[in-house]
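>>> 3D model of this:
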Amino acid sequence: MVSEIVRDVRSIKEKFRAKGTDARSRAIANLDLKARDPEEVRAVTFSALWETGAVGRAEIFADELGLAAPCRERGLAGLLDVRPVRLAVGAVISIIHSQVIGDGDGHSRQPALGDSYDLWHALLASAADVFVTRDGRLAKSLERIPIEDFRVVTSLRALLDR
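Sure thing, here's the model as predicted:
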């Protein structure tokens, strides 16, 4: 039974990574990133992606639940005031930024097997004021999301020091 669960989880992760790989390739081609000046590409910050894409990403989430129309009527930006939505949207945008633009070093990364679970952990983290993880990439990803009264630490020692 445990082997079956592990196999199912691996399958979910691999499907998510395959979709991410395809989406990354399409985004790089659509934005023609390989033909652009590397400095121009590096200048695209997470904050810029947040400002231009957070409401649209929240709408995608609402649409997946069949709730886009009523959310549009009430105002999609209001979805970002709901902490789990804000953190989930931010985590997705952060992953997109690291995979397509890179994290300031000019090198984007390939989708990783754990990306799907990083999103799941981000959603679960929305119930807490402090999220403790030893995963440095996940910590960096969540730290940059503009959200009040939410901190990310990479060890219990760092938590106690705060």
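>>> run through who's touching stretch 94-110.
20-21, 24, 27-28, 31, 33, 38, 41-42, 44, 46, 49, 111, 115, 118-119, 137, 140-142, 144-145 (Cβ atoms under 8 Å, 6 or more residues apart in numbering). Where C-beta positions appear, they are placed from N, C-alpha and C, glycine not excepted.
>>> pLDDT weak spots in the protein?
Residue ranges of the chain with pLDDT under 70: 104-106.
>>> all strands for it, in order.
130-132, 151-153 (DSSP state E).
>>> hang on, the earlier thing: give me the buried subset of the contacts of stretch 94-110.
20, 24, 28, 33, 41, 44, 46, 49, 111, 115, 118-119, 137, 141-142, 144-145 (16 or more other Cβ atoms under 10 Å).
>>> measure E143 to G66 for me?
Between E143 and G66 the distance is 33 Å, computed by Cβ to Cβ, to the nearest Å.
>>> no wait, V100
Going from V100 to G66 by Cβ to Cβ gives 28 Å.
>>> who has more neighbours out of those two?
Taking neighbours as other Cβ atoms under 10 Å, V100 and G66 compare with V100 leading, 21 against 8.
>>> report the separation between that one and A29.
11 Å.
>>> equivalent analysis for I5, please.
Taking Cβ to Cβ, one finds I5 at 37 Å from A29.
>>> wait, L156 sits on T133?
No - using Cβ atoms under 8 Å as the test, L156 is too far from T133 to be in contact (10.9 Å).
>>> ok, those two, which is more surrounded?
For L156 versus T133, the count of surrounding residues by other Cβ under 10 Å is larger for T133: 17 against 10.
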